[in-house]
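**Student:** The sequence and its predicted three-dimensional model are supplied below.
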Amino acid sequence: MQHVRRDGVAVLSMSGAARNALSSALRRDLNTELNNAIGDPDCIAIVLRGGPAGFSAGINLVEYDKPLEHPWVDALCALIEDSPKPVVAALHGVALGAGFALALAAHARVAHSGTRFAFPDIRLGLVPYGGTTQRLPRLAGAQAALQIMATGRSFHATSDLLRLVLTRVVDSDPIDEACQVARTLARSGRWQRTCDVETGFADPETYFKSLAVMADQLKDPLSAEAGIVQCVEAALLLPMDQGIEFEKSIFQSCLTSTKFRCARHAFVAERRVANVWGIQPELGADIRDVVVTGAASALVDVSVMGLDIDWHVSLKPNNPRHAMMIRERIAKLYDSAVSRKRIAPKAREERMSRLYTDPKHLVQNSQHIVFGMDVASLDTADGGILVGTEHSEDLVHLHAEGVQIWARIYAPAHSSQLIEIAASDVADPGQLAAVVGALARSGKTIVRTSPTPGLIGRNLESALWTAALCLTKSGADPFEVDAVARRLGFTFGPFEQLDNQGLANVARQMLLVAETRETSVPRGFGLLERLSVAGESGRRKGVGFYRYDENGAIPRTDLGRVLAEWRADRSVEKMNLSKTDLQKALHAAVINEAARLLSEGAVTRASDMDVILFKGLGYDRAMGGLLIQADLQGIFPLLQIMKRLRGIAPELWTPHAMIEDMFKNGQGFYGRAT
């Protein structure tokens, strides 16, 4: 925190970590400096500004893991608003959440035109706080206030929604203008506290109409969005102090809600994986030349991903004659992107100029990375760093001569959000750092795991799929299983996932996993084989467990016959599932597998698996992940259903020792269970 004087104006510069987050230490310093300036007889006005990273990105979520420390945002806002000397906020960069709240409490706001304003709190299941829900409607009216607070979107200073909020918008550093505004207010002896502003209340009929429109759109009367509507209504109906107390009560109820706990968990989990463990960035060269090799069908997505992030991509398909065909397919994808105005024609040409139909342009032994979609085709003699990737069956075995680094680039590679990466104990640290650095340019989340067969995602999804097949074998309706999986949090149920992956591909993967674990043929394999042999192998064929047309997936009415023949096989113990909670059965299978992976050291943190679930496997991020859900719902009911179902598939539902220990000790994956 810096405090300098400019012609009688105290300029207080906040400076904190992580985009100037309002940590407890920074809040204490700000409280001290504000009081010092207020008490200084030589100070006529105060300007509050941020550091190089911007005004402030608000509160760091980790603070919510413990009781909120004094001074909280509401106290600082009250101190600013009630100051006997005018306080002006000089805004640049970002003013988010609590940072925006401080600015609203000031007596004037001068912003650089590029400043972004937002209340992202709603995305975490929180209402904005610090008196925000009372001050913003007073300045801007209900419609603008609701649009800013209830969407969580960011708005630039030039947005019409902020027209009544900002005093001045400038194209240069706002500090000079802010100091001038502060002096003018001080010399006039007149300035208005935000709590006394009623510009936004000028048209009560329109105000209430905006509230009614928003209320009609609400799906959950207990949601944070509903809380915002109630607070904005209170702003017009209640005195300011009562409105702030009402806001506090809504905020506190949100803090204890399951939705916020899940959102906070997801945020913290993503932050933890952001710094990939075991990587020494300083050892890795900045490599942008890559070779993509393997079967032609697997090369397009990864090549497009690479071209989009400034790689020089050389195609090396198993059949060299396919190189031009792949180039033409990539060109058509970019042509389509241009026609839809997603990229400019110039960007299309620039990207295509970095695509080569063979690696001959690479200097012998020059630094480059070879991504093997088909590990058997990797050429270890050209000096490249070899990476076995997602499309290779060797990703399950994790063995190929010369390959020490493995990656699953989740499909579709050009648009997915996740990469899993693993390396053997003898992998070169510099090579690993270079690969991670190259992949990090994609902006995807990178989760480092140990080199366990199939990595983490394959094992978690296999547990879900096998559980669904086993339940269906014992009489469950596959479409009901999909429905409960969607209620559990998955975008697609397991049978629709199987269709999307291709039943033959999944069957082959399950056999490979069983082989590496030295277990018997997976239960459910026979059904996948039956459908595949009949040419009904999934979405690409137009039929699998579902039929597919231009409207999407349609449950098959003729699936019953195939299921009846399959169920006649007595290799799986049958069970009456009428009293079985299918949702808990699927949940139990996945967390049992998660416990195995965690106990064997395949993954460092439980939270990494939740990130893989919602970043790569189609789980709802707002629900945080299946592991945090297990903690919130309790381990005991999941343990009960495991014991009930282990006769169907012992390898799937026999409770892992870690699960048993959690229950005995009242623990969960993240500490004390609820």
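**Tutor:** Done, it's in.
**Student:** where are the low-confidence patches of the stretch 351-500 of the chain?
**Tutor:** Low-confidence segments of the stretch 351-500 of the chain, defined by pLDDT under 70: 363-365, 374-382, 390-401.
**Student:** all helices of it, in order?
**Tutor:** Taking DSSP state H, counting those that start in this stretch as the criterion, the stretch 351-500 of the chain carries its helices at 394-397, 429-440, 455-473, 478-488, 494-501.
**Student:** nearest residue to residue 562 other than its sequence neighbours?
**Tutor:** Counting by CB to CB, 6 or more residues apart in numbering, residue 530 is the residue found nearest to residue 562 once chain neighbours are left out, at 6.2 Å. To be clear about C-beta, it is placed using only N, CA and C from the backbone, and glycine gets the same treatment.
**Student:** Could I get the pLDDT score of that neighbour?
**Tutor:** As predicted, residue 530 sits at a pLDDT of 89.
**Student:** Which helix or strand contains it?
**Tutor:** Residue 530 belongs to helix 525-533 when assigned by DSSP states H and E.
**Student:** Could you tell me how far that helix lies from the centre of the chain?
**Tutor:** 35 Å (CA atoms, centre = their mean, to the nearest Å).
**Student:** what's the neighbour count on residue 555?
**Tutor:** When neighbours are defined as other CB atoms under 10 Å, residue 555 has 14 of them.
**Student:** Around the nearest residue to it once chain neighbours are set aside, how many other residues sit close by?
**Tutor:** Excluding the flanking residues, the one nearest residue 555 by CB to CB, 6+ apart is residue 479, at 4.7 Å. By the measure other CB under 10 Å, the count of residues near residue 479 is 17.
**Student:** residues contacting residue 479?
**Tutor:** Neighbour list for residue 479: 493, 495, 555 [criterion: CB atoms under 8 Å, 6 or more residues apart in numbering].
**Student:** Low-confidence bits of this protein, can you list those?
**Tutor:** Ranges of the chain meeting pLDDT under 70: 363-365, 374-382, 390-401, 569-575, 672-674.
**Student:** quick revisit: closest one of the contacts of residue 479 to residue 234?
**Tutor:** Nearest to residue 234 out of the contacts of residue 479 is residue 493 (CB to CB; 42.1 Å).
**Student:** and the nearest residue to the closest one once chain neighbours are set aside, what is it in contact with?
**Tutor:** Spatially, and ignoring its direct neighbours in sequence, residue 493 is nearest to residue 482 (2.4 Å; CB to CB, 6+ apart). Residue 482 is in contact with 468, 492-496, counting by CB under 8 Å, 6+ apart.
**Student:** now swap in residue 340 and tell me
**Tutor:** So residue 340 contacts nothing (CB under 8 Å, 6+ apart).
**Student:** How much space separates it from residue 334?
**Tutor:** Using CB to CB, to the nearest Å, residue 340 is found at 11 Å from residue 334.
**Student:** For residue 649, find the nearest of the helices of the stretch 351-500 of the chain.
**Tutor:** Going by CB to CB, the one of the helices of the stretch 351-500 of the chain nearest residue 649 is helix 455-473, 4.6 Å.
**Student:** Between helix 478-488 and that closest one, find me the angle.
**Tutor:** Computed by axes from the mean of the first three to the mean of the last three CA atoms, to 10 degrees, the angle separating helix 455-473 from helix 478-488 equals 140 degrees.
**Student:** quick one, helix 455-473 and helix 525-533 angle?
**Tutor:** Here helix 455-473 runs at an angle of 90 degrees relative to helix 525-533 (the same axes, to 10 degrees).
**Student:** mind exporting helix 455-473 as PDB, just the C-alpha atoms?
**Tutor:** What follows is helix 455-473 as a C-alpha-only set of coordinates in PDB (Å, rounded to 0.1, in the frame of the first residue of the first chain):
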ATOM      1  CA  LEU A 455      -4.200 -42.500 -17.100                       C
ATOM      2  CA  ILE A 456      -7.000 -41.200 -14.900                       C
ATOM      3  CA  GLY A 457      -9.900 -40.300 -17.200                       C
ATOM      4  CA  ARG A 458     -10.000 -43.600 -18.900                       C
ATOM      5  CA  ASN A 459     -10.300 -45.400 -15.600                       C
ATOM      6  CA  LEU A 460     -13.000 -43.200 -14.200                       C
ATOM      7  CA  GLU A 461     -15.100 -43.400 -17.300                       C
ATOM      8  CA  SER A 462     -14.600 -47.100 -17.600                       C
ATOM      9  CA  ALA A 463     -15.900 -47.500 -14.100                       C
ATOM     10  CA  LEU A 464     -19.000 -45.500 -15.000                       C
ATOM     11  CA  TRP A 465     -19.600 -47.500 -18.200                       C
ATOM     12  CA  THR A 466     -19.000 -50.900 -16.600                       C
ATOM     13  CA  ALA A 467     -21.400 -50.000 -13.800                       C
ATOM     14  CA  ALA A 468     -24.100 -49.000 -16.300                       C
ATOM     15  CA  LEU A 469     -23.700 -52.200 -18.300                       C
ATOM     16  CA  CYS A 470     -23.800 -54.300 -15.100                       C
ATOM     17  CA  LEU A 471     -26.900 -52.700 -13.900                       C
ATOM     18  CA  THR A 472     -28.500 -53.200 -17.300                       C
ATOM     19  CA  LYS A 473     -27.500 -56.800 -17.300                       C
END
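**Student:** quick one: buried residues of it?
**Tutor:** Buried residues in helix 455-473, counted by 16 or more other CB atoms under 10 Å: 455-473.
**Student:** residues contacting residue 585?
**Tutor:** By CB under 8 Å, 6+ apart, the contact list for residue 585 reads 467, 471, 641, 645, 653.
**Student:** redo that, cut-off 6 Å
**Tutor:** Residue 585 is in contact with 641, 645, counting by CB atoms under 6 Å, 6 or more residues apart in numbering.
**Student:** name the element it belongs to?
**Tutor:** Remark: residue 585 resides in helix 582-599, with elements defined by DSSP H and E.
**Student:** try residue 306
**Tutor:** Per DSSP H and E: helix 299-308 holds residue 306.
**Student:** wait, what's in contact with residue 197?
**Tutor:** Under the criterion of CB under 6 Å, 6+ apart, the neighbours of residue 197 are 138-139.
**Student:** burial count for the spatially closest residue to residue 323 that is not a sequence neighbour?
**Tutor:** Closest residue in space to residue 323, ignoring its immediate chain neighbours: residue 357 at 4.1 Å, by CB to CB, 6+ apart. Neighbours of residue 357 under the rule other CB under 10 Å: 17.
**Student:** Equivalent analysis for residue 217, please.
**Tutor:** The local packing of residue 217 (other CB under 10 Å) involves 9 other residues.
**Student:** again with residue 53
**Tutor:** When neighbours are defined as other CB under 10 Å, residue 53 has 17 of them.
**Student:** thought it was touching residue 21?
**Tutor:** No - the pair residue 53 and residue 21 does not pass the contact test of CB atoms under 6 Å, sitting 9.2 Å apart.
**Student:** about what we covered before: if I look at the residue nearest to residue 562, how far off is residue 595?
**Tutor:** 32 Å.
**Student:** Those two: which is more packed in?
**Tutor:** Each of residue 530 and residue 595 has its neighbours counted (other CB under 10 Å); residue 595 has more, 23 against 15.
**Student:** quick one, what contacts the more buried one?
**Tutor:** The contact partners of residue 595, by CB under 6 Å, 6+ apart, come to 656, 658-659.
**Student:** out of those, who's nearest residue 210?
**Tutor:** residue 659 (50.1 Å).
**Student:** so who does that closest one touch?
**Tutor:** Per CB under 6 Å, 6+ apart, neighbours of residue 659: 595, 639.
**Student:** Could you name the specific helix or strand carrying it?
**Tutor:** Per DSSP H and E, residue 659 falls inside helix 657-665.
**Student:** following that helix, which helix or strand comes up?
**Tutor:** Per DSSP H and E, helix 657-665 leads on to strand 667-668 as the next helix or strand towards the C-terminus.
**Student:** roughly how far is that following strand from the heart of the chain?
**Tutor:** Using CA atoms, centre = their mean, the distance from the centre of strand 667-668 to the centre of the chain it belongs to is 24 Å.
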